[in-house]
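**Q** got a sequence here, can you build the structure:
(one chain, ligands or ions: 1)
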Amino acid sequence: MKLQLALDELKLPEALALAEKVIDYVDIIEIGTPFVIDEGMNAVRKFREKFPHVEILSDEKIMDGGHLESKLAFEAGANYVTVLGVTDILTVKACLKAAKEYNKEVVVDMICVEDLPTKIREMEEIGAHVLAVHTGADQQAAGRQPIDDLKVMVAHAKKAKIAVAGGINSKTIHKYVELNPDIIIVGSGIGNAADPVEEARLIKQAMTK
Ligand SMILES: O=C([C@H](O)CO)[C@H](O)[C@H](O)COP(=O)(O)O
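**A** All right, here's what the predicted structure looks like:
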């Protein structure tokens, strides 16, 4: 089970400094969507330079132009790029084509997908590498969590790797670990913690028990 650190809210120097502090507990560094909007692929390149052996995900949440936008991430050094499950299947296929050319992986973010079982089947049929259930920040503010979607994902996914995101922290990590996803994504739980290193340590400890 991998821990993905989502870097969403920081500027590049602060994000690099945070990652350096917690890197021992982190398997995948996510250049989060707000960070991508702010810094572009420059952030992916800087993290690739600084952490040559750590996996990097570019959270572009692609909605169109799947091949071109995936290529940007892979050429900058990302191992994974995200595409939205709610988009056209042609866009996801275009991301997968780029991933094959660069020997990288595509994560389908299932945020706002209404019929998860059908979408899971469609995404597995075309060979998506990772399927991520995700309760977004605005949904979290309305009190929602990704645990029920993760249960549906675990019941229906047969071959894709499974990821989960949405407000997870050291207090809630255990119920997600019990469902044994391949990747647990934590952003604000670590980034906004009073002691981010201790929070990352507790989360990783819960994942490795
Ligand atoms: O994908 C994310 C969100 O849409 C902002 O871009 C976050 O990276 C993801 O939800 C993890 O962050 P937390 O929910 O704060 O753990």
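
**Q** what pLDDT does the residue of the chain found nearest the ligand get?
**A** Nearest to the ligand, among the residues of the chain, is residue 187, at 2.5 Å (Cβ to the nearest ligand atom). Glycine gets a C-beta too; all of them are placed from N, C-alpha and C. On pLDDT, residue 187 comes in at 98.

**Q** ditto for residue 209
**A** 72.

**Q** just residue 162 next, same as before
**A** For residue 162, the model assigns a pLDDT of 99.

**Q** these two touch, right, it and residue 181?
**A** Yes - using Cβ atoms under 8 Å, residue 162 is in contact with residue 181, at 4.4 Å.

**Q** shared neighbours, these two?
**A** Common neighbours of residue 162 and residue 181 (criterion: Cβ atoms under 8 Å, 6 or more residues apart in numbering): 150, 153, 154.

**Q** strands along this structure, start to end?
**A** 2-7, 28-31, 55-62, 80-84, 105-109, 130-134, 161-165, 183-186 (DSSP state E).

**Q** let me have the ones you listed in JSON lines, extended by mean neighbour count.
**A** What follows is the strands of the chain, written out as JSON lines (neighbours: other Cβ atoms under 10 Å):
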{"stretch": "strand 2-7", "mean neighbour count": "23"}
{"stretch": "strand 28-31", "mean neighbour count": "26"}
{"stretch": "strand 55-62", "mean neighbour count": "25"}
{"stretch": "strand 80-84", "mean neighbour count": "26"}
{"stretch": "strand 105-109", "mean neighbour count": "27"}
{"stretch": "strand 130-134", "mean neighbour count": "27"}
{"stretch": "strand 161-165", "mean neighbour count": "23"}
{"stretch": "strand 183-186", "mean neighbour count": "26"}
